[in-house]
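K.L.:
A structural model of the following input is requested.
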Amino acid sequence: MAQQKSKREALAQKVFGAESDSAAKLEKDKLDRYKDIAAKMFNTPVLRPKEMAFPAIAEFASQILVGVTYYRTLYFVNVLKIDMIYVTAILTLIGIWDVLNDPLMGIAYDKTRTRWGKARPYMLFAPIPYFFSTAVLYSGALFLNSDATDDPKKIIFVFLALFIQETFSTIYALPKNNMATLMTPNPKDRITLGLVTQYVGSYGAQLVYLIFMPLQDLNRWGVTNVSMAAIFSILGCACACLGAAGNIAMAIGCRERILLQPKPAPVTKTMFYILKNKYAMRNFIADFITSWWSSGGYSWDIVSQLEIFGGAFKSALFYTPHNIIDLLSVALVPRFQRLFKHNNKNALICLRFWDFACGLMTFLIGQIFIDKSWIVGGIFGLFYAINALNNGPAKVFEAEIGREISDYTEYMTGERPDGTIGLITNLIKKVTSPLNALMTIAVFKWSGYDPTIAMSPWSQGSRIIYKKVLFLYMVFGGLPNFVKTIPYFFYDIQGKKREDMYIALNERRAYIAKEKADEMSEEMSAMIEMLEAEGDKE
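P.N.:
All right, here's what the predicted structure looks like:
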């Protein structure tokens, strides 16, 4: 019996147990030898100016794409003129493909160890097909301009373009999103990088709005004659050129300084590492609960602007306070840090409730004046401006908490299986995509909105429809984020616990670097030598 128990324990350790040289398991005397240099790694900035600039350029292009993608369903339904049912079916099939594609990329990424790093090799080649397929997708309406909503050519074109885009999106996005964590062990460095990318990226998102919306009114008034197909094509091509160039420059010009476990653990083991990260597990549960959610898959903001608020130029007045404050909000990050005493958890919880309250108040008051464009637009402008005050801080704090949760996995297990854990957390969205698709159709039907009617002020002619549209825009789409806030009430990597975790992590990194110098990256070696030299000077 004892022998069988021993075998079971050995099997459990092999499948579930962390690596023996994780920061949580290494003997204290081994780690203490590198305490001084670990403290320097935690407190010394190492990023160079170009390592701030290249990610910012990449984020600028990515945000242009985010802005264009925000209008994707509108493009499919109103510009390409494909029936909503076919669009939903296409997106569901692409979601099923992602279920198969994501695990392969996640496993490959976690096992990648090259002389150029872990993320950089993927970022050298994946952006080109990813952004090229994006340009082709949004240029499709230029040569597929039939009015038939069931035209098989258009349906096949969209499916193939999305298939290629989503395939390379998986290969490109995972390394890009983890790059900042690999570049520096210093949290202040990462927050500064987040500030820069957030600030520059916000201009990319605004650029789409500044081009897209006013042209709708200018075309309607006969001042210009730029088709929607041309607008989407120009934005898609501009995004492709900037995105490919910016991300390749980032791969070439940015270093990976974080030393990873030289020999990755088996996939069968790393898949269970999420069980050792209680913070990731809670977020996983919250994501699962909300994964089937959908705001209807339509651009309800565009409908609100063009039909409720009275057109693009009137809407521009209502959006102007938000757009100005949104860009300036990045400068408020230090103030919010002091306000919440550098507690990212409390800051994020409060700011998410702030956002939801602004959306709810906009709807509750605005729906009373739904047929008075200046009043409802002014109410929207007021609360949207209040919402913008925390945009920069909220995004920076949330991104850093996400990195801390990933760092906790490395602390507990000695591994950074970001790809394997990421595929598990992302998989739930793919598995529940049929429910999401059904909800998309149901919400669209519930609204009563007819997308075949040309967009113009009050073109639907119904208070009830526009109240529902305003609700979908301001409240319904924000409910999942409200639910996802709950796990952060139990998040406690703060203060001394946070600092102790990072010191132990950096002690382990220095320990591996010294004990296994032949397996150490050049970037890690250069960083440690620099910090040691500074220590000698002191």
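K.L.:
Only C-alpha atoms from now on, for both contacts and neighbour counts.
P.N.:
OK.
K.L.:
okay, the residue nearest the centre of the chain: pLDDT?
P.N.:
Taking Cα atoms, centre = their mean as the criterion, residue 177 is the residue nearest the geometric centre of the chain, at 7.7 Å. The model reports residue 177 with a pLDDT of 81.
K.L.:
What average pLDDT does the lengthiest helix in the chain get?
P.N.:
Assignment by DSSP state H gives helix 187-221 as the longest helix of the chain. Averaged across helix 187-221, the pLDDT comes to 78.
K.L.:
Would you mind listing the buried residues in that helix?
P.N.:
Judged by neighbour count using 16 or more other Cα atoms under 10 Å, the buried positions of helix 187-221 are 187, 189-209, 212-217.
K.L.:
where does the residue nearest to the centre of the chain land in three-state SS?
P.N.:
Secondary structure, DSSP: H, G, I helix; E, B strand; the rest coil: residue 177 is helix.
K.L.:
Report the separation between it and residue 134.
P.N.:
19 Å (Cα to Cα, to the nearest Å).
K.L.:
Likewise for residue 32?
P.N.:
51 Å.
K.L.:
Neighbour count: the two, which is higher?
P.N.:
The neighbour comparison of residue 32 against residue 134 (other Cα atoms under 10 Å) goes to residue 134, with 25 against 15.
K.L.:
sec struct for that one, please.
P.N.:
Three-state call for residue 134 (three-state DSSP): helix.
K.L.:
ok, now which ones touch it?
P.N.:
161, 165, 236, 237, 240 (Cα atoms under 8 Å, 6 or more residues apart in numbering).
K.L.:
a markdown table for the residues you listed, including pLDDT and neighbour count?
P.N.:
Shown next, in a markdown table, are these (pLDDT from 0 to 100; neighbours: other Cα atoms under 10 Å):
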| residue | pLDDT | neighbour count |
| --- | --- | --- |
| 161 | 93 | 20 |
| 165 | 90 | 22 |
| 236 | 87 | 24 |
| 237 | 89 | 20 |
| 240 | 86 | 26 |
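K.L.:
Now for residue 135: which residues touch it?
P.N.:
Residue 135 sits in contact with 233, 236, 237, 239, 240, where contact means Cα under 8 Å, 6+ apart.
K.L.:
And for the second one, nearest residue in space, chain neighbours not counted?
P.N.:
What that stands for is residue 236. residue 135 (4.5 Å; Cα to Cα, 6 or more residues apart in numbering).
K.L.:
what do you get for the last one?
P.N.:
The shortest distance from residue 240 to any residue other than its chain neighbours is 4.5 Å, reached at residue 131 (Cα to Cα, 6+ apart).
K.L.:
my guess is the one you found meets residue 235, correct?
P.N.:
No. In this structure, residue 131 is not within contact of residue 235 by Cα atoms under 8 Å, at 11.6 Å.
K.L.:
With neighbour numbers in mind, choose between the two.
P.N.:
Neighbour totals were compared for residue 131 and residue 235, and residue 131 leads with 27 against 22 (other Cα under 10 Å).
K.L.:
tell me which element that one falls in.
P.N.:
Using DSSP states H and E, residue 131 sits within helix 127-137.
K.L.:
Please enumerate the strands of the stretch 151-300 of the chain.
P.N.:
Ranges of strands within the stretch 151-300 of the chain: none, based on DSSP state E, counting those that start in this stretch.
K.L.:
show me where it has helices.
P.N.:
152-183, 187-221, 228-253, 267-270, 278-290, 300-303 (DSSP state H, counting those that start in this stretch).
K.L.:
Next, the angle from the second one to helix 228-253.
P.N.:
What that stands for is helix 187-221. 160 degrees (axes from the mean of the first three to the mean of the last three Cα atoms, to 10 degrees).
K.L.:
by contact count, what packs against helix 187-221?
P.N.:
helix 35-43, helix 49-70, helix 152-183, helix 312-328, helix 391-413 (3 or more Cα pairs under 8 Å, 6 or more residues apart in numbering; DSSP states H and E).
K.L.:
list the helices and strands the last one packs on?
P.N.:
Spelled out, it's helix 391-413. Against helix 391-413 (3+ Cα pairs under 8 Å, 6+ apart) you get helix 187-221, helix 312-328, helix 333-339, helix 344-366, helix 495-515.
K.L.:
Also the longest one?
P.N.:
Using 3+ Cα pairs under 8 Å, 6+ apart as the contact definition, the elements that helix 152-183 packs against are helix 84-111, helix 120-125, helix 127-137, helix 187-221.
K.L.:
among the ones you listed, which is nearest residue 391?
P.N.:
Evaluated over these, closeness to residue 391 peaks at helix 187-221, with 9.5 Å, by Cα to Cα.
K.L.:
how far does the closest one sit from the chain's center?
P.N.:
Mean-position distance between helix 187-221 and its chain equals 15 Å (Cα atoms, centre = their mean, to the nearest Å).
K.L.:
what angle do it and helix 495-515 make?
P.N.:
Using the same axes, to 10 degrees: helix 187-221 against helix 495-515 is 110 degrees.
K.L.:
Going forward, the N-terminal residue is numbered 32.
P.N.:
Sure, I'll start counting at 32 from here, so that last one is helix 218-252.
K.L.:
Helix 218-252 vs helix 343-359, what angle?
P.N.:
Using the same axes, to 10 degrees, helix 218-252 lies at 170 degrees relative to helix 343-359.
K.L.:
Let me see the mean pLDDT of stretch 287-301.
P.N.:
Here the average pLDDT along stretch 287-301 is 70.
K.L.:
Under the pLDDT cut-off, which ranges of this structure? List them.
P.N.:
Confidence mapping of the chain against pLDDT under 70 gives the ranges 32-52, 290-294, 296, 299, 302, 305, 325-329, 452-465, 467-468, 544-569.
K.L.:
returning to what we had before: save the helices and strands packed on helix 183-214 as a markdown table, and put in distance to residue 422 too.
P.N.:
What follows is these, written out as a markdown table (distance: least, Cα to Cα, whole Å):
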| stretch | distance to residue 422 |
| --- | --- |
| helix 115-142 | 29 |
| helix 151-156 | 28 |
| helix 158-168 | 27 |
| helix 218-252 | 9 |
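K.L.:
just so I know, which of these lies nearest residue 450?
P.N.:
Once the helices and strands packed on helix 183-214 are compared by Cα to Cα, helix 115-142 is nearest, at 3.8 Å.
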